[in-house]
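**Q** the amino acid sequence is not available; the structure is as follows:
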């Protein structure tokens with residue numbers, strides 16, 4: 001499978017889910033509140049930039065994401081948790097070519113969204129915490 005630049009709709013969908021779940025991101029000493037327009041635009045720009053960097057790394061290109069100013073557009077407000085998980089996986093695949101992706105802000109943003117989606121899977125709250 002090839003790496004590619006994700007659509008604005010993909011990034012917007014992930015951030016809409018974060019906003020609908022009132023996620024506050026605590027990452028590397030910084031706080032981003034998904035309810036705040038400025039914060040959500042910063043999160044989106046981080047995701048876009050990392051995706052571009054990854055594709056550039058993979059294909060030895062020089063496409064500059066910095067030339068693109070991300071602006072959040074609320075959508076997909078009723079995505080199911082399983083769709084969010086799939087969209088997180090897709091993002092990871094498109095962004096993982098950068099060095100130390102697992103330590104990047106983008107990865108931590110996606111991991112926060114992923115954990116929220118996991119907690120919203122049907123039956124999750126009823127499942128046993130510890131198995132003896």
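**A** Looks like it came in fine. Predicted model, so just to flag it, every value in this text is computed and none were measured. Numbering: from 1, shown residues only.
**Q** can you give me the neighbour number for residue 86?
**A** Using other C-beta atoms under 10 Å, residue 86 is surrounded by 13 other residues. Every C-beta, even on glycine, is put in place using the N, C-alpha and C of the backbone.
**Q** let me fix that, I meant to ask about residue 27.
**A** Neighbour count for residue 27, taken as other C-beta under 10 Å: 17.
**Q** thinking it is in contact with residue 106, fair?
**A** No. Under the criterion of C-beta atoms under 8 Å, residue 27 makes no contact with residue 106, lying 9.8 Å away.
**Q** which stretches in the chain count as helices?
**A** Secondary structure of the chain (DSSP state H): helices at 8-20, 37-59, 81-95, 105-119.
**Q** list the buried residues of the longest one.
**A** Judged by neighbour count (16 or more other C-beta atoms under 10 Å), helix 37-59 contains these buried residues: 39-57.
**Q** any idea which residue is closest to the centre of this protein?
**A** residue 110 (3.6 Å; C-alpha atoms, centre = their mean).
**Q** before we move on, back to that, make a markdown table out of the helices of the chain and add distance to residue 69 and mean pLDDT.
**A** Formatted as a markdown table, the helices of the chain follow (distance: least, C-beta to C-beta, whole Å; pLDDT from 0 to 100):
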| stretch | distance to residue 69 | mean pLDDT |
| --- | --- | --- |
| helix 8-20 | 11 | 96 |
| helix 37-59 | 7 | 95 |
| helix 81-95 | 19 | 97 |
| helix 105-119 | 17 | 98 |
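**Q** take those and write them to TSV, including distance to residue 127.
**A** Output for these, formatted as TSV (distance: least, C-beta to C-beta, whole Å):
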stretch	distance to residue 127
helix 8-20	21
helix 37-59	30
helix 81-95	14
helix 105-119	11
